[in-house]
Every structure is written in C-alpha cells, then in structure tokens.
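>>> Task: produce atomic coordinates for the following.
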Amino acid sequence: TRLETGMGHAIARPLHFTTPRADYPIIPLMLNTYYPPAPSPKRCVRLGQALKQVIDGYAGDQGVVIMGSGGLSHIMIDEDLDHGFLDALERNDLDYMAAMDPAQLTTGTSEIRNWIATAGAGTTPGRSIDYVPAYRNAHGIGCAMGFAVWE
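Numbers count the residues shown, from 1 in each chain. Sure thing, here's the model as predicted:
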C-alpha cells in the first residue's frame with residue numbers, strides 16, 4: 001500500500017481515502033512550508049499557476065486532480081485568519097492569498113501554503129465543505145482543519 005512505500009502522511013493519507021485502488025497516475029509535489037526559507041504566499045500562487053500551465057499543455061482530454069493537503073491554523077488556533085483565507089478561497093481571490101503575511105504562516109499554520117498553491121492552479125472559486133477548529137484546551141491550543149473543493 002501507499003502507506004508502506006514511504007510517502008509522507010500529507011500525501012499518503014488523502015490518497016488512501018480518495019483513490020483507494022490507486023488506479024490513477026499520481027505526481028506527489030512536496031512544498032516546503034515549515035523550514036526557512038519557505039516560499040512566500042505570492043510564490044505559492046505562482047507555483048500553482050505554473051503547475052496549471054504545465055497540466056494544460058500536456059493533459060489533453062484526460063482529467064487531472066490537484067490535491068493540496070494540510071491544516072489551517074495550528075498550535076494557537078486563529079479563526080479570523082482561517083475564515084479570512086477561506087473567504088478568499090471562495091472568492092478565488094489570489095491577490096488576498098498572495099498578500100498574506102508570511103509571519104502568520106509559521107509552525108503548522110504554514111501548511112496554508114499548500115492550499116494557496118492549489119488555489120493558484122484553479123480558475124474557479126473553491127467551495128469550503130467544512131471547517132473544524134479542533135481546540136485541545138480552553139487557551140486556544142489546537143489545530144483548525146478544513147476541506148474544500150474546486151469544481
């Protein structure tokens with residue numbers, strides 16, 4: 001299985017649930033979100049746009065799925081940050097995403113960069129399916145999670 005081949009959880013877990021038979025070609029793209037020098041949000045938008053150009057040039061009639069994996073705010077949940085980002089996603093506001101403050105995208109919150117790159121590859125607004133701020137304690141510690149699709 002994928003979980004035994006050494007793929008990280010950010011790729012293996014979503015693939016396990018979305019393509020359990022592994023019957024589609026997969027190109028895992030790892031984006032450094034955590035360690036300096038992490039890409040700026042603007043660069044993440046550009047990466048998504050460049051990925052879309054490559055796919056448009058080679059995919060032909062075959063459908064392509066682009067999947068970004070990662071949480072939203074981590075450690076200290078910031079619902080304002082999360083909702084601001086999800087609102088931008090639903091408006092397809094790549095300018096908002098590109099202008100996000102990299103200083104807010106630290107520790108696990110940095111995984112929002114994966115969402116930004118995925119949004120950059122799309123041409124339509126995303127649709128937020130769910131948002132769960134999973135608090136671990138009353139002090140705001142936890143991990144906010146969400147799920148969105150582009151159709």
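
>>> wait, isn't L89 in contact with G122?
No. L89 is beyond contact range of G122, at 9.3 Å (criterion: CB atoms under 8 Å). Using the backbone N, CA and C atoms, a C-beta is placed for each residue, glycine as well.

>>> Looking at the two, which is more packed in?
Using other CB atoms under 10 Å, the more surrounded residue of L89 and G122 is L89, with 24 against 18.

>>> which phi and psi does the residue lying closest to that one once chain neighbours are set aside have?
Leaving aside its chain neighbours, L89 sits nearest to G126 (4.2 Å; criterion: CB to CB, 6 or more residues apart in numbering). Backbone torsions of G126, given as degrees, to the nearest 10, read phi -80, psi 160.

>>> do the same with V132
phi -130, psi 110.

>>> Looks like it contacts G142 (just checking).
No. With contact defined as CB under 8 Å, V132 does not count as touching G142 (9.6 Å).

>>> what's the longest helix in the chain?
In the chain, with assignment by DSSP state H, the single longest helix is helix 41-58.

>>> Could you give me the buried positions within the following helix or strand past that helix?
Downstream of helix 41-58, the first helix or strand assigned by DSSP states H and E is strand 74-76. For strand 74-76, a neighbour-count test (16 or more other CB atoms under 10 Å) marks H74 as buried.
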